[in-house]
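J.: Sharing a model that was predicted from the sequence below.
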Amino acid sequence: MQKAIKLSRVSFKYKGADTLALSDISWSLKPGECAVIMGPSASGKTTLCRCLNGLIPQALEGSLSGDIVVAGKDVSIFRTQTLAKDVGFVMQDPEVQIVGRTVCEDLAFGPRNLLVPAREIEERIPKVLSQVGLSGYENRFTADLSGGEKQRLAIAGVLAMEPSVLILDEPASELDPAGRADLYRHLDRLRQSKGLTLVIVEQNIEEIRSMVDQVLILEKGRMVTRGSLEGLEKSWPHTLPSAPTPGMDSLPLDTAPSLEINHLNFEYTPGIPVLKDIDFSVCPGDFMALMGHNGAGKTTLVKHLNGLIPSHPGTILFEGKAVNRFKIKDLARCVGFVFQNPDHQIFENSVEKEIAFGLTHMGGSRRAVARTVDDILEKTGLDPFRHHHPFTLGKGMRQMIAVASIAALNPRVLVVDEPTTGLDASGSHMIMDLILALHSKGTAVVLITHDLAMAARYATRLVVMAKGKIVLDESMEKGLEKNDVLHRAGLVPDHLRSFSLKTGGSHG
Amino acid sequence: MVENPSLTGSGGLDIRSKCALFIQFMVWTVLYDHPACHGVISCMIVGGGLYVGLSMKQMFFRLIPLVPLFVMIMLFTGFNSGTGFVHLENKVALFTLWPGASLTRGGLMLGATFLFRLLNMVVLTQIILFTTPLDQFINLFVKLKLPPALSFLITTAIRFVPALDKKRNLIIAAQRARGIDMDEGSLFEKFKARVAIMIPLMVNAIVISDQLSMALMNRGFGYRKNWTVMTRLQFRMPDYFVLCLSLGSLVPAFVIRYPGLIEKYLDIEHVSVLFRI
């Protein structure tokens, strides 16, 4: 049987790079099989995907050696656009892959380029929408879709071109567990019904366990191991799910809350409430995991906490004073906020200056700023990179810089929105250790995450939101027992419903 | 930019009719100097915008950052327009800063005219973008025999302006969370605050464009020189009506502006003067 993918001794070095991004990779996959590529950040996962659909060497400069044949075509001979008929590639960020203003317009784009007749395109659109669980979305505006819906649309856009090989680079990184499980269920159904060959880059293997035929583990551009999931779990345990470390002890809670939210209601569009009568408080020493499905209102809620979205006077109090009576500068010092994407924040030309910026801006003396920056750089392991331009570093490092620059301000409450998305296990641990260090000094932490295992490992309090309401606010221990609530909030997918997080359901 | 579905379906005007309307309004705008004329044209355009479902905020929010520029235009034109006006009262200096720099009524009116022209162009463009699906632009470019790559370049730019705008808002929020306030502090601090927005925005724009080019290749863009046409441009009865109205309205517009064209048959110089400053 002809292989769907066949790589022979493939090596690649990006133009201007010192080291090989891929080194001597040989691998093959049969039609209808599913392979998962795993490995730490910068191990060559995305580079390998780009080789499979011809973006390397056609769009990205560098030196490539070895042979790559995908769907019977040599990628060095055929153009990426020609390969697109057989090889679909869904990149990590759905935002840049959506080119239409309506769902329909976007889905038609690929087949139109391939000169598929208009009538056939019209027939394909509802079909692919149902395959990704977006039936009835034809006339929706792409700008109005949620992050999860955009990710599904990006996949549907490629499926509409009816490829025989589908490559997906972390396609579910922004979805909640239920959404992830749902997406992979749809992909598995496609694989079984149409014989679609799947190559998926994924850090979290739990939801795709049942569909995986092969696992490839890359490290520094080399394929360190390859085989079935069962075999690899024995030989390479450190990348696969491990038991959670015990959650840290809760600090003694002060009686007076740092942040108090009373009857908070909010709507972006009149008549469509996003937050409904929210009441809760954040006390010094709290380590709260704020969870919920995509679109539950988590980010909207925390944006109120440091005045990014204004609230009515008296609705949100920081140490007894309404947050809207604070100056932006002063509130930022009290309630630190780290966004999901570090690139929205970084602008200085060295790591050192980036971390110092907030302190200088707050009016700190030169000596005090230098001392704090030195301290933070040492604790975060960023010291060797202090003179590097932040944008020359990897995403994990940039996320670390973003957290460090807020940690340097020593805020009394720290809000972190999905700080580990797209990071490997070691990157995630580094970030979480820094947040823990801050927490141990008395900073209350509000952690937004979809990863229940990570929340269970670090947080002491669990707050769950669903449809703009708080549906659970308990200590972590008690919260984890409310399996039904967690399931309804999309935090525990169906197949893990009876799975106990306390007994080893962690995601590495 | 949000699109109005009721106007993008089969019931909406053809893009060529919209272009004809656009040209008609622009010709009117260029022909006359008197701000009152432009005020009337602006009312018609804004009324049209409200009719198609745009809110006042959607029509004007892009102009808000330009307000300081508008004030400068008014002042510059007010003081530097000389005295070459038709009506005597417009030549009279209202205020003299120094010899040769007098603020005249005519100058202020001319400044107002310039502002109205800008406003008309911006709002009219907003209306067309709001009511026209991307596909119709592409079909028009195909009809004009423009290369598909150029057509897509233009339409993608239209699509990515809101995406970049969204990015800008995220960056502003991230920087505000660090305590950067663009509206507070000295001029230097305000400038520094804007740098904190501009640098991540530029970096993100480069990243987006790089990924976009790869995403387009993944979707087969450039596979062939042409692509499947989904819907053909087609004139309907309302389109013929609009085209006739647009062309018809241009005749009196030219005649009033240039009364000499018909002076053998009709003397309307006194009417024409009313439309000038």
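T.: Alright, I've got the coordinates. Numbers count the residues shown, from 1 in each chain, chains lettered A, B, ... in the order given.
J.: helix or strand right after the helix-or-strand element of chain B with minimal mean pLDDT?
T.: Comparing helices and strands within chain B by mean pLDDT, DSSP states H and E singles out helix B:5-8 as the least confident, with a mean of 40. Using DSSP states H and E, the helix or strand that follows helix B:5-8 in sequence is helix B:15-31.
J.: mind listing what residue 115 touches?
T.: Picked chain A for this. B:223-224, B:226-228 (Cβ atoms under 8 Å, 6 or more residues apart in numbering or on different chains). Every C-beta, even on glycine, is put in place using the N, C-alpha and C of the backbone.
J.: right idea, wrong chain: chain B
T.: B:70, B:73-74.
J.: mind checking pLDDT for it?
T.: pLDDT recorded at B:Leu115 is 92.
J.: report the angle between the axes of the helix or strand hosting it and helix B:15-31?
T.: Using DSSP H and E, B:Leu115 falls within helix B:105-131. Helix B:105-131 and helix B:15-31 are oriented at 170 degrees to each other (axes from the mean of the first three to the mean of the last three Cα atoms, to 10 degrees).
J.: average pLDDT for the following helix or strand past helix B:105-131?
T.: Moving toward the C-terminus from helix B:105-131, the next helix or strand (DSSP H and E) is helix B:134-143. Across helix B:134-143, pLDDT averages out at 79.
J.: Show me what helix B:134-143 packs onto, helices and strands only.
T.: Counting contacts by 3 or more Cβ pairs under 8 Å, 6 or more residues apart in numbering or on different chains; DSSP states H and E, helix B:134-143 is packed against helix B:15-31, helix B:148-176.
J.: Now tabulate the ones you listed in CSV and tack on mean neighbour count.
T.: Shown next, in CSV, are those (neighbours: other Cβ atoms under 10 Å in any protein chain shown):
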stretch, mean neighbour count
helix B:15-31, 18
helix B:148-176, 17
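J.: right, and those helices - which one's nearest A:Val373?
T.: helix B:148-176 (19.1 Å; Cβ to Cβ).
J.: From the contact counts, what lies against the closest one?
T.: Using 3+ Cβ pairs under 8 Å, 6+ apart, helix B:148-176 sits against helix B:134-143, helix B:187-218.
J.: What lies in contact with stretch B:141-151?
T.: Contacts for stretch B:141-151 (Cβ under 8 Å, 6+ apart): B:137-138, B:154-155, B:222, B:225-227, B:229, B:233.
J.: Kindly indicate which of the residues you listed lies nearest A:Gly66.
T.: B:Gly222 (26.2 Å).
J.: The spatially closest residue to the closest one that is not a sequence neighbour: what's it in contact with?
T.: Leaving aside its sequence neighbours, B:Gly222 sits nearest to A:Gln81 (Cβ to Cβ, 6 or more residues apart in numbering or on different chains; 5.0 Å). Contacts for A:Gln81 (Cβ under 8 Å, 6+ apart) come out as A:113, B:217, B:220-223.
J.: In three-state terms, label A:Gln81 for me.
T.: helix (DSSP: H, G, I helix; E, B strand; the rest coil).
J.: Show me the residue sitting in the middle of chain A in space.
T.: A:Thr421 (3.0 Å; Cα atoms, centre = their mean).
J.: how many other residues sit next to whatever residue of the stretch 51-200 of chain A ends up closest to chain B?
T.: For the stretch 51-200 of chain A, the residue closest to chain B is A:Asn113, as judged by Cβ to the nearest Cβ, at 3.7 Å. As a burial measure, A:Asn113 scores 25 neighbours (other Cβ atoms under 10 Å in any protein chain shown).
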